[in-house]
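S.K.: this one's structure only:
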């Protein structure tokens, strides 16, 4: 069965969004997505709040025929979102993005559910959904924690974003996905990595996620088994930051390799 794939921005984070769209189009990805908030390393492509830049990006998207799957990122702490989410909501609506990736970083389980529900109400005003990503180094470290928070929030426009790396490193297995409603997983993230054991600690999980991933068909992660446990039609986002490459000289060629790798293991 033919699957739909998205080129995640983290796979080539230094490439500006217009370049990412062109790379996705060149390779044959169905979707892509953008990190529009600054990264911890200081990368900021200057799209939010820049009317000229976002109009140019919209024109490139329209010309490419590539859909926009998600934008990053809203972080929910004890005080709610760490920044005003309105610019990201507005960008999502304008660019046609389906989801905004959201992380739960509030240790209080009841408060973070309330914050997520409130954020979902705001997102609905812009016709966008939230995808809650679980990571060992967040307050939703596991599939179970994220799924329970999303279900408790009770909002139809909130889903769970499962990454095969984060699932395995948090001690989970692909068939754990089957314990939850299929509607929670409209898309997932895939990559490769060495080893298939749980991470020793959150710091190790964070470091690997940023600097030690592999192509989807490389290493030991159960990528094929993971994709067999997700709903039919779920989109596969290829998120493979290959640290050794840095800023790729040819983003289009890298995108071709990433998609070919994903198809080898998933089809």
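M.R.: Great, that's in hand. Because the structure is a prediction, the values reported are computed rather than measured.
S.K.: And whichever strand in the chain runs longest, how far out from the chain middle?
M.R.: Looking across the chain with DSSP state E, the single longest strand is strand 67-77. On the basis of C-alpha atoms, centre = their mean, to the nearest Å, strand 67-77 sits 7 Å off its chain's mean C-alpha point.
S.K.: elements contacting that strand?
M.R.: Applying 3 or more C-beta pairs under 8 Å, 6 or more residues apart in numbering; DSSP states H and E, we find strand 67-77 packed against strand 31-35, helix 86-95, strand 99-104, helix 109-124, strand 235-238. To be clear about C-beta, it is placed using only N, CA and C from the backbone, and glycine gets the same treatment.
S.K.: following the first one, which helix or strand shows up next?
M.R.: Proceeding C-terminally, strand 31-35 gives way to helix 51-64 as the next helix or strand, assigned by DSSP states H and E.
S.K.: Just the buried positions in stretch 177-197, please.
M.R.: 177, 180, 184-193 (16 or more other C-beta atoms under 10 Å).
S.K.: now it: mean pLDDT?
M.R.: For stretch 177-197, mean pLDDT is 98.
S.K.: Check stretch 155-163 too.
M.R.: Computed over stretch 155-163, the average pLDDT equals 98.
S.K.: Enumerate the positions of that stretch that are buried.
M.R.: So stretch 155-163, judged by 16+ other C-beta under 10 Å, has buried residues 155, 157-163.
S.K.: From residue 46, how far off is the residue of the chain positioned farthest from its centre?
M.R.: Within the chain, residue 52 marks the point farthest from the mean C-alpha position, 25.8 Å out by C-alpha atoms, centre = their mean. Distance, residue 52 to residue 46, using C-beta to C-beta, to the nearest Å: 10 Å.
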